[in-house]
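1. Here is a sequence together with a model predicted from it:
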Amino acid sequence: MIKNYTTSNLLSDSKEIKHYFGKKNFLFPDSEKIYFLNQLHSNKVIFISSEFDLNRQEGGDAIISSKRNFFIGIKTADCVPILLSDRNSSFVAAIHAGWRGTFYKVLDKTIKKIVKEFNCNPKDIIAAIGPSIGMCCYEINLSLWEKFNQRFTLAPDDFNQIGKKYYLNLQSINKNLLNNNGIESIDLILNCTKCDESFYSYRRDGSTEQSQISIIKLN
């Protein structure tokens with residue numbers, strides 16, 4: 001049987017965490033509770049506190065939770081899904097980082113919120129960057145490349161130029177953001193969602209209706 005999901009080795013090492021980077025037709029038990037945001041392509045971070053109303057769908061692109069037996073998740077179809085926890089399994093987080101979320105550093109805001117709420121040492125944080133469109137396929141225009149280069153001072157691993165075409169590596173840029181925040185334990189799952197047809201891809205399929213889910217919970 002072909003698995004319709006992939007996982008991170010780093011996150012899988014913890015018995016206190018369950019997570020999935022779903023592929024097409026990822027089937028999940030209806031009995032499991034999953035909370036999704038209304039994703040905005042923003043840098044807004046939502047923290048699920050004990051008073052949080054789980055019946056209300058908040059708008060944002062990063063979600064942090066310390067609830068047990070409760071999945072949080074995001075939906076992507078080329079954007080970068082990022083799942084976080086720490087070695088003490090005190091929280092989980094799910095981040096949706098498209099080009100806008102990456103540009104506006106949604107990951108920075110999420111990490112700062114985690115450190116504040118949980119008094120967490122960034123060196124104890126575990127990160128998994130999931131399947132997304134690769135630099136091989138993510139062509140952008142010169143104007144957007146210049147904006148990214150001005151904001152991040154792009155390194156050779158962050159982009160490629162072929163003639164007059166520019167290609168961006170969103171995974172690499174987000175990995176750099178993690179490193180800059182002191183996070184060293186990072187798993188990269190390098191499947192390109194456009195190349196690999198077991199994933200949905202907006203660039204390949206042209207549909208905004210279909211996406212895979214990436215979910216995580218504390219057991």
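-> Good, I have the coordinates. Worth saying up front: this structure is predicted, and the values here are computed from it rather than measured.
2. Could you pull out the helices in this structure for me?
-> 9-12, 99-103, 106-118, 142-152, 170-180, 202-205 (DSSP state H).
3. Next, the buried residues of the first one.
-> Residues of helix 9-12 classed as buried by neighbour count (16 or more other C-beta atoms under 10 Å): 10-11. No exception for glycine: its C-beta is placed from N, CA and C like everyone else's.
4. now for it, which elements pack on it?
-> strand 17-22, strand 125-129, strand 185-188 (3 or more C-beta pairs under 8 Å, 6 or more residues apart in numbering; DSSP states H and E).
5. Could you pull up the mean pLDDT of stretch 118-132?
-> Averaged across stretch 118-132, pLDDT comes to 96.
6. which ones are touching Asn174?
-> The contact partners of Asn174, taken as C-beta atoms under 8 Å, 6 or more residues apart in numbering, are 80, 82, 97, 102, 107, 129.
7. Name the nearest residue to Phe26, sequence neighbours excluded.
-> Asn4 (4.8 Å; C-beta to C-beta, 6 or more residues apart in numbering).
8. Could you give the number of residues near the one you found?
-> Here the number of neighbours of Asn4 (other C-beta atoms under 10 Å) works out to 15.
9. Same check on Gln171?
-> Neighbours of Gln171 (other C-beta under 10 Å): 26.
10. Return the residues in contact with it.
-> For Gln171, the contact set (C-beta under 8 Å, 6+ apart) comprises 80, 129, 132, 134-135, 188, 190.
11. Which two of these have the greatest separation?
-> Pairwise distances across the contacts of Gln171 peak at 13.3 Å for Ile129 and Met135 (criterion: C-beta to C-beta).
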